[in-house]
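>>> structural data only, the sequence is not supplied:
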């Protein structure tokens with residue numbers, strides 16, 4: 001059978017709980033600003049690994065866009081000319097449509113990669 005607590009015991013436990021809760025809050029508030037200023041002093045500049053990663057992503061992005069844009073234009077142009085000069089041959093028309101569709105999808109995929117690389121750069125915190 002559980003014991004019934006007296007009024008004095010309940011008040012003692014309540015004061016104990018309030019005191020230690022208050023002490024815990026004070027300690028947390030006191031040490032938290034110290035920790036953030038110390039970590040800010042340690043990581044004052046961008047780490048070297050992040051700089052290398054940022055430079056590599058920018059180089060990849062530049063090369064992809066530099067090579068992909070003219071390649072897509074040439075492929076689409078070849079598909080258009082192949083379709084135009086097929087003279088009704090169904091196989092050539094089908095091949096031309098596949099070439100145009102494939103080059104458009106490939107160029108769209110490269111632009112999507114560009115978007116993903118930009119998002120990664122933003123998440124890493126690199127300055128553009």
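Happy to help now that I have it. Treat the numbers as computed from the prediction; the structure is a model and nothing was measured.
>>> from here on, just use CA atoms for contacts and neighbour counts.
Fine.
>>> can you give me the helices for this protein?
Ranges of helices in the chain, per DSSP state H, are 7-42, 48-84, 90-124.
>>> name the residues of the longest one that are buried.
Meaning helix 48-84. Under the neighbour-count criterion of 16 or more other C-alpha atoms under 10 Å, helix 48-84 has 54, 57-58, 61, 64-65, 68, 72, 75-76, 79-80, 82-83 buried.
>>> number of nearby residues for residue 22?
Residues lying near residue 22 (other C-alpha atoms under 10 Å) number 12.
>>> oh sorry, the question was meant for residue 85
Residue 85: 12 neighbours (other C-alpha under 10 Å).
>>> just the pLDDT at it, thanks.
Looking at residue 85, its pLDDT reads 89.
>>> so how far is residue 96 from it?
Distance from residue 85 to residue 96, counting by C-alpha to C-alpha, to the nearest Å: 10 Å.
>>> what's the span of stretch 78-91, first residue to last?
In stretch 78-91, first residue to last residue: 15 Å (C-alpha to C-alpha).
>>> kind regards, and thank you for your time.
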